[in-house]
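1. The sequence and its predicted three-dimensional model are supplied below.
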Amino acid sequence: MKATARLSPMTSHPGPAPVLDVDALLDDPEQRIIVCCGAGGVGKTTTSAAIALRAAERGRKVVVLTIDPARRLAQSMGIEALDNTPRPVPGVTGEGSLDAMMLDMKRTFDEVVESQASPEKAQQILSNPFYVAVSSSFAGTQEYMAMEKLGQLDKDARASGRWDLIVVDTPPSRSALDFLDAPERLSSFLDGRFMRLLLAPAKGPAKLMTAGFGLVTKAITTIIGGQTLTDMQAFVAAFDTLFGGFRARAQRTFELLQSPGTAFLVVAAPEPDALREAAYFVERLSAERMPLAGLVVNRASVDPDVELSAATATAGYEKLRDAADEPSRMAAGLLRLHADRKLVVEREGRLRTRFATAHPQVRTAVLPALPSDVHDLEGLRGIGELLAVRDARAEKRA
């Protein structure tokens with residue numbers, strides 16, 4: 001049963017949230033997989049790339065897997081294009097290394113088929129129109145294939161020693177939890193009663209073609225068309241030997257995500273919906289016994305380094321805004337900007353306090369909002385440095 005997260009009402013301040021030590025996480029040789037997850041649009045891709053780069057420049061052999069339609073990761077890392085093959089990122093300093101790749105959903109599905117079936121059977125499946133549709137657009141396929149690719153990378157890393165850390169940027173799904181549910185959802189679909197029903201006339205004795213089944217087939221044909229039904233039946237007949245493999249791999253992937261060498265970083269923005277989703281994710285990970293490293297709060301407003309409250313600044317604005325001289329009106333404008341910034345910082349602080357009250361055990365790193373988008377390796381390097389800040393001011397922000 002899935003947990004339902006709620007942000008607790010304001011109570012007494014529980015004290016600052018425990019601070020997430022990002023460098024300690026990256027330097028731990030037992031840490032082999034880091035999964036960045038969270039709601040869409042909170043900066044998972046940038047966070048994934050930044051921590052992957054920082055880990056590499058601290059000596060780890062890293063591969064980062066992203067699922068990002070905007071392809072910003074390739075631009076930030078100075079790579080013309082990313083695809084299903086890990087490619088070295090130029091410009092990484094230190095003794096480590098960094099490879100980057102972007103999930104090709106259909107190619108990953110094809111690789112699974114090719115690895116599990118004979119060449120003849122694989123070709124029969126790959127050329128089937130229903131398979132082409134399922135592998136390209138079926139709900140949950142992208143999330144399932146992201147976890148499939150993670151399993152492949154982990155197996156390759158252990159066999160070859162090419163990487164000792166895998167960083168995963170989870171898909172931009174409708175829900176941040178989709179990638180956890182996708183393996184079971186897709187394998188259940190492929191192994192479900194309806195698919196077995198389609199398989200029956202293709203492999204069963206003629207007596208299975210009863211009047212009842214004939215009526216079902218006729219109804220399905222009316223809805224989706226005879227050729228589509230034929231393609232589905234041919235696909236299921238050819239795919240039958242692979243059903244068990246999908247379910248077994250889904251289970252292995254789930255166990256890999258639960259293993260001590262895996263850590264989840266929940267990424268959120270300092271907004272009610274994003275932190276509510278983060279709370280839901282934290283509770284779900286706990287329910288599934290998956291290791292949570294901590295929370296990254298992205299794009300936090302920076303508290304002005306001036307000892308002037310929002311109320312005092314607002315009062316000054318009200319007094320000076322209608323002044324006759326230009327300097328006073330300019331001062332009024334600055335006071336209004338200061339008051340607005342202080343109010344935003346206070347609102348975000350209350351949201352983080354509510355999260356910490358509900359989840360006092362979750363370690364937190366707060367990343368301040370940047371004046372511009374990250375578009376190169378130096379920008380990613382700067383984000384990594386900000387994430388690793390552990391001075392008194394960072395702890396106060398957390």
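-> Thanks, I have the structure now. Numbering: from 1, shown residues only.
2. what about the longest helix in this structure?
-> helix 326-358 (DSSP state H).
3. Starting from the lengthiest strand in the chain, tell me which strands it pairs with and how they run.
-> Scanning the chain for the strand with the most residues, using DSSP state E, yields strand 292-300. Partners of strand 292-300 in the sheet, by DSSP bridges, are strand 262-268 (parallel), strand 364-368 (parallel).
4. Next SSE downstream of it?
-> Using DSSP states H and E, the helix or strand that follows strand 292-300 in sequence is helix 310-320.
5. Against which helices or strands is that following helix packed?
-> Identification of packing neighbours for helix 310-320 by 3 or more C-beta pairs under 8 Å, 6 or more residues apart in numbering; DSSP states H and E yields helix 326-358. No exception for glycine: its C-beta is placed from N, CA and C like everyone else's.
6. how distant is the helix it packs on from the center of its chain?
-> 31 Å (C-alpha atoms, centre = their mean, to the nearest Å).
7. and the nearest residue to residue 293 once chain neighbours are set aside, what does it touch?
-> Of all residues not flanking residue 293 in the chain, residue 263 sits nearest, at 3.9 Å (C-beta to C-beta, 6 or more residues apart in numbering). By C-beta atoms under 8 Å, 6 or more residues apart in numbering, residue 263 lies in contact with 25, 31, 33-35, 291-293.
8. mind running it again at 7 Å?
-> 25, 31, 34, 291, 293 (C-beta atoms under 7 Å, 6 or more residues apart in numbering).
9. Am I right that residue 62 is in a strand?
-> Yes: counting by DSSP: H, G, I helix; E, B strand; the rest coil, residue 62 is found in a strand.
10. which residues touch it?
-> 52, 55-56, 96-98, 163, 165, 167.
11. how close does it sit to residue 364?
-> 23 Å (C-beta to C-beta, to the nearest Å).
12. could you give the mean pLDDT of stretch 145-159?
-> Mean pLDDT, stretch 145-159: 89.
13. May I have it exported as PDB, CA atoms only?
-> Extracted as PDB, the C-alpha positions of stretch 145-159 are listed here (Å, rounded to 0.1, in the frame of the first residue of the first chain):
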ATOM      1  CA  MET A 145      14.100   0.800 -20.000                       C
ATOM      2  CA  ALA A 146      15.900   3.300 -17.800                       C
ATOM      3  CA  MET A 147      16.000   0.700 -15.100                       C
ATOM      4  CA  GLU A 148      16.900  -2.000 -17.700                       C
ATOM      5  CA  LYS A 149      19.900   0.200 -18.800                       C
ATOM      6  CA  LEU A 150      20.900   0.700 -15.200                       C
ATOM      7  CA  GLY A 151      21.100  -3.100 -14.800                       C
ATOM      8  CA  GLN A 152      23.200  -3.400 -17.900                       C
ATOM      9  CA  LEU A 153      25.600  -0.700 -16.800                       C
ATOM     10  CA  ASP A 154      26.000  -2.200 -13.400                       C
ATOM     11  CA  LYS A 155      26.700  -5.600 -14.900                       C
ATOM     12  CA  ASP A 156      29.200  -4.100 -17.300                       C
ATOM     13  CA  ALA A 157      30.900  -2.100 -14.500                       C
ATOM     14  CA  ARG A 158      31.400  -5.100 -12.300                       C
ATOM     15  CA  ALA A 159      32.700  -7.300 -15.100                       C
END
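14. ok, and what's touching it?
-> 33, 63, 65, 67, 103, 105, 108-109, 112, 162-164, 166, 168, 170-171, 179, 182-183, 249, 252-253, 256.
15. Give me the pLDDT value at the residue nearest to residue 293.
-> For residue 263, the pLDDT comes out at 96.
16. Could you do residue 30 as well?
-> Looking at residue 30, the pLDDT reads 96.
17. same thing with the one 4 residues further on?
-> Among the per-residue scores, residue 34 shows a pLDDT of 97.
18. just residue 343 next, same as before
-> 89.
19. Which residue comes closest to it once chain neighbours are left out?
-> Spatial nearest neighbour of residue 343, chain neighbours left out: residue 310 (5.0 Å); criterion: C-beta to C-beta, 6+ apart.
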